[in-house]
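Enquirer: I would like the atomic coordinates for the input below:
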Amino acid sequence: MTIVKRFIAGAVCPRCGEMDKLKAWTEDDIQYRECVACDFTDEMSLTAPPEVAEPATRVNQTQADPRDEIQVVNLMDPKAK
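Expert: Below is the predicted model of the structure:
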């Protein structure tokens, strides 16, 4: 099996800042990238990260919160007698 390394169009090297110098390839479910200008190399695992539960917010809850009851507020004018 031959590994095909491809240049990433428009990508900027995180080390030297050169554009269009990064090439990428995949080997054993690991994605690699390297810069031909400064010899920067990096690798990322292609396995999916574990699912993280979405935090409960007022937007994604289906039940009404019992603390959301309507409360009457009386406004008083301090100048009124």
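
Enquirer: For the protein, which element, helix or strand, carries the lowest mean pLDDT?
Expert: Within the chain, no helix or strand scores below strand 41-45, which has a mean of 87 by mean pLDDT, DSSP states H and E.

Enquirer: Which strands or helices does that strand pack on?
Expert: If you count contacts as 3 or more CB pairs under 8 Å, 6 or more residues apart in numbering; DSSP states H and E, strand 41-45 packs onto strand 30-35. Every residue, glycine included, has its C-beta placed from N, CA and C.

Enquirer: before we move on, back to that, list the strands paired with the least confident helix or strand of the chain, with their directions.
Expert: Counting by DSSP bridges, the strands paired with strand 41-45 are strand 30-35 (antiparallel).

Enquirer: Residues touching the least confident helix or strand of the chain, excluding its own?
Expert: Residues outside strand 41-45 that contact it (CB atoms under 8 Å, 6 or more residues apart in numbering): 14, 29, 30, 31, 32, 33, 34, 35.

Enquirer: which one is the first one nearest to, not counting chain neighbours?
Expert: Excluding its sequence neighbours, the residue lying closest to residue 14 (CB to CB, 6 or more residues apart in numbering) is residue 40, at 6.8 Å.

Enquirer: ok, now the third one?
Expert: Closest residue in space to residue 30, ignoring its immediate chain neighbours: residue 43 at 5.4 Å, by CB to CB, 6+ apart.

Enquirer: Can you name the residues bridging to that neighbour?
Expert: Assessed by DSSP bridges, residue 43 has beta-bridge partners residue 32.

Enquirer: That one and residue 50: what is the separation?
Expert: Plainly put, residue 43 is 19 Å away from residue 50 if you go by CB to CB, to the nearest Å.

Enquirer: And for residue 59?
Expert: From residue 59 across to residue 50, the span is 23 Å (CB to CB).

Enquirer: One more: residue 61?
Expert: Residue 61 is 23 Å from residue 50, where distance means CB to CB.

Enquirer: which one of those two has more residues nearby?
Expert: In terms of neighbours (other CB atoms under 10 Å), residue 61 is the more surrounded of residue 61 and residue 50; the figures are 9 against 5.
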